[in-house]
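# Just to be clear, the model below is a prediction. Sequence and coordinates:
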Amino acid sequence: MKFKPANNIQDLQYFGEFGGVNPSISDSSTYTFLEAKTMFDTFEGNTDGCYLYSRHTSPSNLYLGEALAAMEGTESANVAGSGMGAITPTLLQLCGAGDHIVSSRTIYGGTYAFLKNFTPRMNIQTTFVDITKLDVVEAAITENTKVIYCESVSNPLLEVADIRGLAAIAKRHNLKLVVDNTFSPLSISPAQLGADVVIHSLTKFINGSSDTMGGVVCGTSEFVTSLKSVIDGASMLLGASMDSLRSSSILKNMRTLHIRMKQHSKNATYLANKFENDGLKTVYPGLASHPSHEIFKSMMNEEYGFGGMLTIDVGSLDKANALMELMQERNLGYLAVSLGFYKTLFSAPGTSTSSEIPEDEQAEMGLTDGLIRFSIGLDDDIERTYEMMKACMVELDILQPELA
Ligand SMILES: Cc1ncc(COP(=O)(O)O)c(C=O)c1O
């Protein structure tokens, strides 16, 4: 049967404490026990439905986790205070001193910095590879490898991982495949394609309001429980927990995610086609010219489209900066990092979100100075937006005016 992630979210039914249509918010950091023995059992992880302390979990966080697990089709999920608060404990739970990770080389700059600069302190080594080349991924595996790590659609180059292919490799070598699905919620369901763990930064499309941070780890109940263990759980012990007020607001925003993703995808598809026709170097997984267009198509839940992220290359950093400033001045969006907002957001990744990556490595992976990353907004009139963007590009000599 076809996997329908938005139905899974829609089908959740909650009643609040007083019969409210939203679950009640658990506005407490700590919880009482009528019997001391129950407190002991809860510490040991032996009681269902009892809450101990909100760094461990809270009813509100469980509701949001349940919705995210339903969306990804995993047994369970644990929410965190940010995307990095989900990524770092996951990797530290799966790897210890002496272990090795094979990671895509095009990933979010913060994750790259964690793997490149931070985990070596704990003697966890990472080999960065071109994730689109399955033979290269497999060749990088050593006897110490524990994890293959990638993003479904990578930040910022929009490379697409062949999740089925990677899952087969992971299975053959008894490794865990961890996929960050932040760029493609609903469109791609990595766990349905064989991923063991699916991560999101909720800060982006899932919350969609650019008003909070958040993260989630979706996986088996066994893995999620291990993350929360009071004895040795990386999420519990590192403490990047989400606040209940925030998880309740993210849950409410999630209910419109399917509508938003369709509109982000529709608008990004329109602009990508126009920009490409205008002769701009445009990268968007929905374009036939994208090297992994067919792979994306083979993995996607069609109705949500190819996502809201696209890049163009305008040739130089000076031109990129001038264009972004002019587009902001004309109220076409904001010159800001992050993604998934109702307005378009744009940034030059080489000098912002990927600046953790040294310049020579940026060049090697094709991250050029003139690259602008767009998170396309929910504009109702995308033709108007296009005409205004094009006018900015003509004004700055990035595009030539059309001859009358
Ligand atoms: C793909 C991806 N994963 C993870 C993160 C980190 O998420 P957060 O900023 O919520 O910690 C980001 C942030 O930009 C991202 O783009």
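Yep, it's here. None of the values given here were measured: they were computed from a predicted structure. Numbering: from 1, shown residues only.

# Secondary structure element holding I372?
Following DSSP states H and E, one finds I372 within strand 371-375.

# Packing partners of that strand?
For strand 371-375, the helices and strands in contact under the criterion 3 or more Cβ pairs under 8 Å, 6 or more residues apart in numbering; DSSP states H and E are helix 257-277, strand 309-313, helix 317-329, strand 345-347. Where C-beta positions appear, they are placed from N, C-alpha and C, glycine not excepted.

# and it, how far from the chain's centre?
Using Cα atoms, centre = their mean, to the nearest Å, the mean C-alpha position of strand 371-375 is found 16 Å from that of the whole chain.

# Can I get the helices and strands packed on strand 371-375 in JSON lines including mean pLDDT and mean neighbour count?
Compiled in JSON lines, the helices and strands packed on strand 371-375 are given as follows (pLDDT from 0 to 100; neighbours: other Cβ atoms under 10 Å):
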{"stretch": "helix 257-277", "mean pLDDT": "98", "mean neighbour count": "20"}
{"stretch": "strand 309-313", "mean pLDDT": "97", "mean neighbour count": "24"}
{"stretch": "helix 317-329", "mean pLDDT": "97", "mean neighbour count": "18"}
{"stretch": "strand 345-347", "mean pLDDT": "97", "mean neighbour count": "23"}
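
# quick one: which of those is nearest I231?
When the helices and strands packed on strand 371-375 are compared by Cβ to Cβ, helix 257-277 sits nearest I231, at 35.1 Å.

# Verify the contact between L378 and R260 for me.
Yes: here L378 lies in contact with R260, judged by Cβ atoms under 8 Å, at a distance of 6.3 Å.

# how many neighbours does T256 have?
Residues contacting T256 under the criterion other Cβ atoms under 10 Å number 11.

# Against T353, how distant is the residue lying closest to T88 once chain neighbours are set aside?
Counting by Cβ to Cβ, 6 or more residues apart in numbering, T88 lies nearest to F114, which is 5.9 Å off, once chain neighbours are set aside. For F114, the distance to T353 equals 14 Å [Cβ to Cβ, to the nearest Å].

# Next: V217.
The value you get for V217 to T353, if Cβ to Cβ is used, is 21 Å.

# And these two? Which one has more around it.
Between V217 and T353, counting by other Cβ under 10 Å, V217 is the more crowded of the two (29 against 19).

# Tell me the confidence at that one?
Looking at V217, its pLDDT stands at 98.

# got it, and G366?
Taking G366 on its own, its pLDDT is 80.

# OK, contacts around the residue nearest to it when sequence neighbours are not counted?
With Cβ to Cβ, 6+ apart as the criterion, G366 has its nearest non-adjacent residue at 6.2 Å, and that residue is L157. Contact partners of L157, counting by Cβ atoms under 8 Å, 6 or more residues apart in numbering, are 106, 283, 311, 365-367.

# any chance of those residues in a markdown table, plus secondary structure and distance to D318?
Formatted as a markdown table, the contacts of L157 follow (DSSP: H, G, I helix; E, B strand; the rest coil; distance: Cβ to Cβ, whole Å):
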| residue | secondary structure | distance to D318 |
| --- | --- | --- |
| T106 | coil | 24 |
| V283 | strand | 21 |
| T311 | strand | 18 |
| M365 | coil | 22 |
| G366 | coil | 20 |
| L367 | coil | 17 |
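
# of the residues you listed, buried ones?
With neighbours counted using 16 or more other Cβ atoms under 10 Å, the contacts of L157 contain these buried positions: 106, 283, 311, 365, 367.

# what's near enough to touch L92?
For L92, the contact set (Cβ under 8 Å, 6+ apart) comprises 119, 122, 234, 238.

# got the residues of the protein near the ligand?
Within the chain, the positions near the ligand by Cβ under 6 Å from any ligand atom are 82-84, 108, 110, 151, 155, 180, 182-183, 201, 203, 213, 215, 353.

# hmm, which two among those residues are most spread apart?
Greatest spatial distance among those (Cβ to Cβ): E151 and M213, at 18.1 Å.

# Compare those two (neighbour count), which wins?
Per other Cβ under 10 Å, whichever of E151 and M213 has more neighbours is E151, with 26 against 19.

# Distance-wise, check that one relative to G83.
Here the criterion is Cβ to Cβ. By it, E151 lies 11 Å from G83.

# do the same with N144
Between N144 and G83 the computed distance is 27 Å (Cβ to Cβ).

# who's more crowded, those two?
Each of N144 and G83 has its neighbours counted (other Cβ under 10 Å); G83 has more, 24 against 12.

# Assess the claim that that one and N207 are in contact.
No: under the contact definition of Cβ under 8 Å, G83 does not touch N207, with a separation of 10.8 Å.

# if we can go back for a sec, sitting in strands, which of the residues of the chain next to the ligand do you find?
151, 180, 201, 215 (DSSP state E).

# give me the residue from the stretch 51-200 of the chain nearest the ligand.
When you check the stretch 51-200 of the chain against the ligand by Cβ to the nearest ligand atom, the closest residue turns out to be G83, at 2.2 Å.

# Which residue comes closest to that residue once chain neighbours are left out?
Going by Cβ to Cβ, 6+ apart, G83 has S201 as its nearest residue, at 2.6 Å.

# Next one: that neighbour from G214, what distance?
As defined by Cβ to Cβ, S201 lies at a distance of 7 Å from G214.

# So for the two, which residues contact both of them?
Shared contacts of S201 and G214, defined by Cβ under 8 Å, 6+ apart, comprise 82-83.

# ok so, going back, in TSV: the ones in strands among the residues of the chain next to the ligand, plus distance to L287.
Putting those into TSV (distance: Cβ to Cβ, whole Å) gives the following:
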residue	distance to L287
E151	19
D180	23
S201	25
G215	30
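
# Run through the bridge partners of the residue of the stretch 101-250 of the chain found nearest the ligand.
Minimum separation of the stretch 101-250 of the chain from the ligand (Cβ to the nearest ligand atom) falls at S201, amounting to 3.1 Å. Applying DSSP bridges to S201 yields these beta-bridge partners: G215.

# who's in contact with it?
With contact set as Cβ under 8 Å, 6+ apart, S201 has these partners: 82-84, 86, 108, 180, 182, 213-215.
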